[in-house]
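**Student:** would you be able to build a 3D model of this:
(2 chains)
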2 protein chains.
Amino acid sequence: MPRIVQCVPNFSEGRDLDAVETIVKPLKNREGFKLVSYEPDKDYNRTVVTLLGDPEAMIEPLLEFMKIARDTIDMNHQQGEHPRMGSIDVVPFIPIDGITMEECVDIAHRLAKDVAERLDIPVYTYAEAAVQKGRKKLPTIRKGEYEGMIEKIRDPKWHPDYGKPSTHPTAGVTAIGARMPLIAYNIDLATDDIDVAKKIARAIRGSSGGFKHIQAGPVFLEERKHVQVTMNILNYKQNPIYRVFETVRTEAKRYHIDVPSAEIVGLVPKDTLVRSLKYYFDAAGKSLDEGLGFDELASLAKAHLKFRDFDANKIIEANVT
Amino acid sequence: MPRIVQCVPNFSEGRDLDAVETIVKPLKNREGFKLVSYEPDKDYNRTVVTLLGDPEAMIEPLLEFMKIARDTIDMNHQQGEHPRMGSIDVVPFIPIDGITMEECVDIAHRLAKDVAERLDIPVYTYAEAAVQKGRKKLPTIRKGEYEGMIEKIRDPKWHPDYGKPSTHPTAGVTAIGARMPLIAYNIDLATDDIDVAKKIARAIRGSSGGFKHIQAGPVFLEERKHVQVTMNILNYKQNPIYRVFETVRTEAKRYHIDVPSAEIVGLVPKDTLVRSLKYYFDAAGKSLDEGLGFDELASLAKAHLKFRDFDANKIIEANVT
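**Tutor:** Just a heads-up that it's a prediction; the model follows:
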């Protein structure tokens, strides 16, 4: 069985599209993995790349890509709305299929070592790959950003996990990690009352007592003229979509507000859908055919989880052939 | 408006009932508060006392009670199933009505200071009254128990918050704190399959990703011949009963199992019931009369939250007249 990871490098250039093309070039048309997308953002001045496939095959191309990013982006002159600490800001590995989190942690450490030795960029390992407890969360590592890291990295408490305790003069530092897939999930509420979205977000998110792995907040959608509870599910195994959706429906009842639809931003692992669809099939006394194709899974998700703007292309595995 | 706290001192004698009577005597028939109950447990060799009323009025009687406990119980010869670190093991103050958590924290610190100075027992302040982050949780403080505290307290990291850094020669140490009311709440499942209770407990409890303030586990009730999800709700404002109950019902659907009833062990604040009943009234488009009596609240709780063996006496405030 092939081992499949999702790797989502973020680099700090999103305005100069020629530079973006130059940087991502080594990731195109390679054996063993697929460049699913790269999305430059002008406001953020940042590009998010999505790779899918065999992590072994990714290592050398990632090093080539990171070398070009290092030599192309001068962090001393980079500005944008997204916080950042290096030319290649962050490289997470996410287990998708046939691979454990532990193996992703190993891959992250191998890449981290190579980046420090061959590209001379100091590396912090984070999330599941963190070797120090205080380095699990990216915002904690990144605090101070590029400019602040120059001092921060000299403090023995912030010596990098790989490389020398001084930032690269133009590329800063990089964080390389392993984490669960993060599901960007939004639930639509049939009201323009932001207070309702606020109260429901508070009921479900971990920081105010709700589900541990849910980060949620309220948002008003200008174009659609209704509010949403917008969230990240950081661990879909412990906090499956259906449970969050049903809890939001339960809460919405007290406000007499409909929950007509929901949406997934970006991609989801097939397993996320299967786990949640199984709930509805179990409840109906039916069994879910594990051999269903991506199109059928997508239409079941639309029916049971009320996903709008959803099709098979939103399923990670459908992008790997 | 009278300020009402619940104070629940636990002392380390539950076998010698004459000694128990001697120890609790100063708490009987006092002005300003009521001794609601004291429950000696033979296996635990421990007695749990419940006081309700004005905290100001409790301070001196508590000091008399603790002095007798100190002089009656010799921890060098005390054994029981419940972990313990002193003759008076723990004294929590719980805000019930007309009083803030901050005021309960102040009361806890005043008592702690008096206990250290007048009874010569070192005190750790815990939960909301903790002055050190690592001393919030009682099990962390109590680790090592009476015997281990003799060494532990000498370590500068474990010097007490009040009193000298050495245990009392017969009474050990005491923890005094302030915390939210803890709701001991069990949900019945119409099955004898412990696995279902296990899975549902896992879905709702904070430690496995569920609601932050829920501690839950499965249990099989020998006499009733069915399983329960048994839990403590550590913060009923953030994790209201109705939300936990509805989530358990949602989960039970996939196993085609009925959720016929639930129970409250000990007492609950009136506010717990009001908050949850409001949900069902809101959902039904009705408004809950805030002036309802205890009997009416109890019967609404039985109807909507399916409480069995429940009446007005289980409501804390009904015990204060």
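
**Student:** all strands of chain A, in order?
**Tutor:** A:4-7, A:10-11, A:33-41, A:46-53, A:88-97, A:123-127, A:174-178, A:183-189, A:214-221, A:226-233, A:262-265 (DSSP state E).

**Student:** and for A:Asn29, the neighbour number?
**Tutor:** Here the count is done by other CB atoms under 10 Å in any protein chain shown, and A:Asn29 has 8 residues near it. (C-beta placed from N, C-alpha, C; glycine too.)

**Student:** that one - nearest residue in space that isn't next to it in sequence?
**Tutor:** A:Leu35 (8.0 Å; CB to CB, 6 or more residues apart in numbering or on different chains).

**Student:** my guess is that neighbour meets A:Leu27, correct?
**Tutor:** Yes - with contact defined as CB atoms under 8 Å, A:Leu35 counts as touching A:Leu27 (4.7 Å).

**Student:** joint contacts of those two?
**Tutor:** A:Val49, A:Leu51 (CB atoms under 8 Å, 6 or more residues apart in numbering or on different chains).

**Student:** is stretch A:179-193 in proximity to chain B?
**Tutor:** No - Stretch A:179-193 does not reach chain B (CB under 8 Å from any CB of the partner chain); its nearest approach is 11.4 Å.

**Student:** avg pLDDT for that stretch?
**Tutor:** Per-residue pLDDT over stretch A:179-193 has a mean of 93.

**Student:** give the buried residues for it.
**Tutor:** A:Arg179, A:Met180, A:Pro181, A:Leu182, A:Ile183, A:Tyr185, A:Asn186, A:Ile187, A:Asp188, A:Leu189, A:Thr191 (16 or more other CB atoms under 10 Å in any protein chain shown).

**Student:** report the backbone C-alpha coordinates of it in PDB.
**Tutor:** This file holds the C-alpha atoms of stretch A:179-193, laid out as PDB (Å, rounded to 0.1, in the frame of the first residue of the first chain):
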ATOM      1  CA  ARG A 179       0.000  17.200  12.700                       C
ATOM      2  CA  MET A 180      -3.400  15.800  12.100                       C
ATOM      3  CA  PRO A 181      -5.300  17.100   9.100                       C
ATOM      4  CA  LEU A 182      -7.100  20.300  10.100                       C
ATOM      5  CA  ILE A 183     -10.600  20.600   8.800                       C
ATOM      6  CA  ALA A 184     -11.800  24.100   8.000                       C
ATOM      7  CA  TYR A 185     -15.500  23.800   8.500                       C
ATOM      8  CA  ASN A 186     -18.200  26.400   8.600                       C
ATOM      9  CA  ILE A 187     -21.900  26.000   9.500                       C
ATOM     10  CA  ASP A 188     -24.400  28.400   8.000                       C
ATOM     11  CA  LEU A 189     -27.200  29.800  10.200                       C
ATOM     12  CA  ALA A 190     -30.300  31.200   8.600                       C
ATOM     13  CA  THR A 191     -30.100  34.600  10.400                       C
ATOM     14  CA  ASP A 192     -28.100  37.800  10.100                       C
ATOM     15  CA  ASP A 193     -27.900  38.000  13.900                       C
END
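
**Student:** which bits of the stretch 201-321 of chain A sit near chain B?
**Tutor:** So the stretch 201-321 of chain A meets chain B at A:203, A:206, A:208-213, A:235, A:238-239, A:243, A:246-247, A:250-251, A:253-256, A:279, A:282-283, A:285 (CB under 8 Å from any CB).

**Student:** one more pass at 10 Å, please.
**Tutor:** Residues of the stretch 201-321 of chain A lying near chain B by CB under 10 Å from any CB of the partner chain: A:202-214, A:234-235, A:237-240, A:242-243, A:246-247, A:249-256, A:278-285.

**Student:** give the buried subset of those as a PyMOL selection command.
**Tutor:** Burial among those is assessed by 16+ other CB under 10 Å; the matching PyMOL selection reads:
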select buried, chain A and resi 202+203+204+205+206+209+210+211+212+213+214+234+235+238+239+240+242+243+246+247+249+250+251+252+253+254+255+278+279+280+281+283
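
**Student:** narrow the residues of the stretch 201-321 of chain A next to chain B to those in helices?
**Tutor:** Here DSSP state H is the test, and these give A:202-204, A:242-243, A:246-247, A:249-253, A:278-283 as lying in helices.

**Student:** circling back to that earlier point, most tightly packed of the strands of chain A?
**Tutor:** strand A:174-178 (a mean of 29; mean count of other CB atoms under 10 Å in any protein chain shown).

**Student:** which ones are touching A:Ala216?
**Tutor:** The contact partners of A:Ala216, taken as CB atoms under 10 Å, 6 or more residues apart in numbering or on different chains, are A:185-187, A:197-198, A:200-208, A:210, A:228-233, A:244, A:248.

**Student:** show me what it is bridged to.
**Tutor:** A:Met231 (DSSP bridges).

**Student:** so how far is A:Ile141 from it?
**Tutor:** Applying CB to CB, to the nearest Å, the value for A:Ala216 to A:Ile141 is 24 Å.

**Student:** my guess is A:Pro165 contacts A:Glu151, does it?
**Tutor:** No - counting by CB atoms under 10 Å, A:Pro165 sits too far from A:Glu151 to count as a contact (11.0 Å).

**Student:** who touches both of the two?
**Tutor:** Common neighbours of A:Pro165 and A:Glu151 (CB under 10 Å, 6+ apart) are A:Trp158.
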